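S.K.: fold the following for me, if possible:
(chains A and B)
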Amino acid sequence: MSCRSVSHLLPLFDDPELASQERESVAAHVARCEACAAELEAIRSARQQLTGWRDVRVPAGGPQRVMAKVYAATPARRRLPFLAPQWAGLLAACAVAVVLWITWPPAATVVPETAESPDGTPMLFTASHEEAAPHALRSLASDVAGSEPVQVAVRTADPSLFVAQLVAKLAEEAPGVRPDVQPAGDGGLLVQFEKVAPRVLHGVLMGLNEADGPGSDYNGRLLALVDTETERTLLLTVAPHGL
Amino acid sequence: MPSEHAETIDVHRFRNRDPEAFEAVVRAYYDRVYRLALRLLCNAADAEDVVQEAFLKVHRSAPRFRGDSSLSTWVYRIAHNVCLDELRRRKRRPLLQGRRDGAERETVQEPEDEGPGPEEAAFAAEERLRLRRALESLPLEFRSVLILREVEDLSYDQIAAVLKCPVGTVRSRLARARRMLAERLQRSDDHELQERFPSAASLR
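M.R.: Predicted coordinates for the structure are as follows:
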């Protein structure tokens, strides 16, 4: 065989993919052709240098940075006075219901008492801080309060993104807490938490709430915390996205 | 080919963008995607950005993963495409890139840097630099196939799946790429001899 006829196979000589017949013909040629033998050596040396490139010092914390980037950069958390440590115990002692509502597309106006159930049907209502919660909010709160598992109804354009953010946030703030997420029709979700301290859940949801800003993919909004004993709203962020 | 982690990843959950399944994918492939990016781009700072972008794409495209190829091949393909985009972007901005490369080359650190004594280290660093220059002088498709084969240790079939081309193309491209790399490395050896000799003479 001539140099020319083996030239396309010579660089592949050491690959297991080469057919044995091809390998034999190259071996036979190289055994009697010094120039091709030298070329094979040069190729082997170059390949050896390249395999030395397999060792790489990977910067630490890479996967965490990826997860943080993928699950949307949450803006620096504003610590509301409400969340100050001295309030935390008191808050935890309250029977607090957390109602999270996500509207998509954003409603044009906030209509008081357009209320419904926690099963994925839209509901909007208004009240100020410390005001008696609207009836709809109270009835919803009574469904979700206490030491029973907390249910949160969610409606979102991108349920998987919401759940991803929620889980990422929980991992950060309440490791070990796993929400049970069920589809609730009409693109809604029913998210259920097993015995989470309201304070913890509040922290998690507030974190998500703060992610809800212009330019974010996230359209969630923590709507209200209702003290189910006094039926007063403790915190209300009523305006849906864009209002 | 990285398949050892694949069994532990629930592909169905990954496709539904389940965060735990996605995180398992990131953890399983991060190091290899980083290495691919670092070796293709020859720049640590860019590599990290590109890896993040690649995994963003992996996350976004997860529902479209059909399982025709293995998950690892699919992740490699996305990462490889993001690297090529970055390299093409560089080509379009040569001036800016020149400065950037100059400033950031120093940041590429190799594990061998710390091991041997100063002379060996200097020699190894010089050898790596020569290798990098030789690789960078190759057309992109040859550089890709070499990195995927020699560094990532993929089979012809796997490379074909990553590059979405026939196996025959991988074979011929790999043969040409290896020959070109060997030639350029030899040429740079000769060039170095010529350069060193006059400088040694001038010392006398």
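S.K.: okay, now the domains of the chain?
M.R.: Picked chain A for this. Recorded structural domains for chain A (assignment: automatic domain parsing) are A:3-54, A:64-71+A:79-236.
S.K.: that's the wrong chain, I meant chain B
M.R.: Using automatic domain parsing, chain B is parsed into the domains B:1-108, B:115-204.
S.K.: CSV for those, including mean pLDDT, distance to A:Arg23 and mean neighbour count?
M.R.: The C-beta positions use only the backbone N, C-alpha and C, and glycine is treated the same way. What follows is these, written out as CSV (pLDDT from 0 to 100; distance: least, CB to CB, whole Å; neighbours: other CB atoms under 10 Å in any protein chain shown):
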stretch, mean pLDDT, distance to A:Arg23, mean neighbour count
domain B:1-108, 79, 22, 18
domain B:115-204, 82, 14, 16
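S.K.: got these as JSON lines, with distance to A:Val66 columns?
M.R.: Listed next are these as JSON lines, based on distance: least, CB to CB, whole Å:
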{"stretch": "domain B:1-108", "distance to A:Val66": "5"}
{"stretch": "domain B:115-204", "distance to A:Val66": "19"}
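S.K.: and the gap between A:Ala31 and chain B?
M.R.: According to CB to the nearest CB, to the nearest Å, A:Ala31 stands 20 Å off from chain B.
S.K.: the closest residue to that residue other than its chain neighbours - how many residues pack around it?
M.R.: Once flanking residues are discounted, A:Ala31 sits nearest to A:Ala37: 7.8 Å by CB to CB, 6 or more residues apart in numbering or on different chains. A:Ala37 has 14 neighbouring residues, counting by other CB atoms under 10 Å in any protein chain shown.
S.K.: wait, A:Ala37 touches A:Val30, no?
M.R.: Yes - the criterion here is CB atoms under 8 Å, and A:Ala37 meets it with A:Val30 at 4.9 Å.
S.K.: extract the C-alpha set from stretch B:132-146 and format it as CSV.
M.R.: Extracted in CSV, the C-alpha atoms of stretch B:132-146 (Å, rounded to 0.1, in the frame of the first residue of the first chain):
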residue,chain,number,x,y,z
ARG,B,132,-3.0,26.3,22.7
ARG,B,133,-1.7,28.4,19.9
ALA,B,134,-1.6,25.4,17.6
LEU,B,135,-5.2,24.5,18.4
GLU,B,136,-6.4,28.1,18.1
SER,B,137,-4.9,28.3,14.6
LEU,B,138,-7.1,25.4,13.5
PRO,B,139,-10.4,26.0,11.9
LEU,B,140,-13.2,25.7,14.4
GLU,B,141,-14.6,22.4,13.2
PHE,B,142,-11.3,20.7,13.6
ARG,B,143,-10.7,22.2,17.0
SER,B,144,-14.1,21.0,18.1
VAL,B,145,-13.6,17.4,17.0
LEU,B,146,-10.2,17.2,18.6
